[in-house]
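Asks: coordinates for the following, if possible.
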Amino acid sequence: MELQALLAQPPRLPSLPRAVALLMSELARPEPSQRRLSQLFATDPSLAARLLQCANAPEHGVPGQIHGIAEALAIVGPGQLRGLIQSAAVGTTSRSVPGVNLQQFWRYSLHAAKMARSLAGLVRHNPLAAYSAGLLHALGELALHLADPARMLSIATLAAPLDLRRGLLEQHLLGFSYAQVSAGLARQWGLPQDVVDALRHHITPFDNEVYEPLAGVLHLAVWRARVQVLELGERAAMVSFPGEVGVALGLDIDAVLQQDPIDWSAPADGS
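Replies: Purely as a prediction, here's the structure:
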């Protein structure tokens, strides 16, 4: 599997059925609520990516400048939104993306987005960019599983898709990781360069020649979200905490762990 070949023919990424249904219902109203639309798009990585792609298209006059979902909704008209939703691929079963628990993936992505937004607020970085980066960062993992299910299932025997070691393991075995796939897709979608850079470098933010704070924010948000989904205990969390990234941002483990706890038993509705 080659990165450029995968990006040349990216698979259709599935969306949360509930989000698709609720968005269609809201858009059928005479005057759809912008707040409700924003909430719903903010729960689904694939739909959010397509919305941001649409908003950053040259036809809207602000290519590569729209970071957030609310910004995008102010630009994209109802007709375009309906077309976007109607053409969405819906993931309904475990077979939709072999080897990935989609319900877990969607909740994890939402948690990472909320964490990234909270941490960005602490370090005075763009919260809209941070939320989008958190929501979209793992779409490359879905693309990898759809492109080569057998290879990715083999890698999963060593580290599950949301394992803390997964990105580095993919880099070792494939020559690239989900992070480069997510960044490559985001570049094709015309997303802002700081979001693309954060997606690409968030696994190892200090490997970049110029340290990008958003990559560090995303790194910590991803760590926090995976600690949650893996149900790591206090000792395991302390051992795995990326201290040098925390130091660079002025955040210790307590500050990160105290941000936005989320009820994982609740539906991923963005509330």
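Asks: could you list the low-pLDDT ranges of the stretch 51-200 of the chain?
Replies: The stretch 51-200 of the chain contains residues with pLDDT under 70 at 92-95.
Asks: quick one, what contacts the residue nearest to Ala147 when sequence neighbours are not counted?
Replies: Distances taken as CB to CB, 6 or more residues apart in numbering put Leu6 closest to Ala147, at 5.1 Å, once the chain neighbours are dropped. Using the backbone N, CA and C atoms, a C-beta is placed for each residue, glycine as well. Leu6 makes contact with Ala143, Leu144, Ala147, Val181, according to CB atoms under 8 Å, 6 or more residues apart in numbering.
Asks: repeat that for 7 Å
Replies: Ala143, Ala147, Val181 (CB atoms under 7 Å, 6 or more residues apart in numbering).
Asks: out of those, list just those in helices.
Replies: Ala143, Ala147, Val181 (DSSP state H).
Asks: and the second one, what does it touch?
Replies: When contacts are counted by CB under 7 Å, 6+ apart, Ala147 touches Met1, Leu6, Pro11.
Asks: next up, phi/psi of Val90, please.
Replies: Reported as degrees, to the nearest 10, the phi and psi values for Val90 are phi -100, psi 130.
Asks: I'd say it and Pro14 touch.
Replies: Yes - using CB atoms under 7 Å, Val90 is in contact with Pro14, at 6.3 Å.
Asks: these two: which is more packed in?
Replies: The residue with more neighbours, out of Val90 and Pro14, is Pro14; 24 against 14, by other CB atoms under 10 Å.
Asks: list the contacts for that one?
Replies: Taking CB under 7 Å, 6+ apart, one finds Ser46, Ala89, Val90, Gly91, Ser96, Val97, Leu102 in contact with Pro14.
Asks: with Ser46 instead?
Replies: For Ser46, the contacting residues are Leu13, Pro14, Ser15, Leu139, by CB under 7 Å, 6+ apart.
Asks: just flag the most distant two among those residues.
Replies: Ser15 and Leu139 (11.1 Å; CB to CB).
Asks: and stretch 87-99, how far apart are its ends?
Replies: One end of stretch 87-99 to the other measures 24 Å (CA to CA, to the nearest Å).
Asks: nearest to Ser109 among the ones in helices among the contacts of Leu6?
Replies: Nearest to Ser109 among these, counting by CB to CB, is Ala143 at 13.7 Å.
Asks: which neighbouring elements make contact with the host helix or strand of Gln171?
Replies: Here Gln171 sits within helix 166-174, counting by DSSP states H and E. For helix 166-174, the elements it packs on are helix 149-156, helix 178-188, judged by 3 or more CB pairs under 7 Å, 6 or more residues apart in numbering; DSSP states H and E.
Asks: quick one: which of the contacts of Ala147 sit in helices?
Replies: Applying DSSP H to the contacts of Ala147, the entries found in helices are Leu6.
Asks: let's have the contacts of Ala147 in a markdown table, adding distance to Gly243 and pLDDT.
Replies: As requested, the contacts of Ala147 are exported to a markdown table (distance: CB to CB, whole Å; pLDDT from 0 to 100):
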| residue | distance to Gly243 | pLDDT |
| --- | --- | --- |
| Met1 | 33 | 78 |
| Leu6 | 33 | 94 |
| Pro11 | 37 | 87 |
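Asks: ok, of the contacts of Ala147, which one's closest to Ser154?
Replies: Distances from Ser154 to these, taken by CB to CB, are shortest for Met1, at 11.7 Å.
Asks: surely the closest one meets Ala150?
Replies: No - with contact defined as CB under 7 Å, Met1 does not reach Ala150; the gap is 10.3 Å.
Asks: pull the number of nearby residues for the residue nearest to Asp207 when sequence neighbours are not counted.
Replies: Closest residue to Asp207 apart from its sequence neighbours, by CB to CB, 6+ apart: His201 at 6.7 Å. For His201, the count of nearby residues is 24 (other CB under 10 Å).
Asks: swap in Leu102?
Replies: Quick note: Leu102 (other CB under 10 Å) scores 18 neighbours.
Asks: OK, contacts around it?
Replies: Residues in contact with Leu102 (CB under 7 Å, 6+ apart) are Pro14, Gly91, Ser96.
Asks: quick check: it vs Thr43, distance?
Replies: 13 Å (CB to CB, to the nearest Å).
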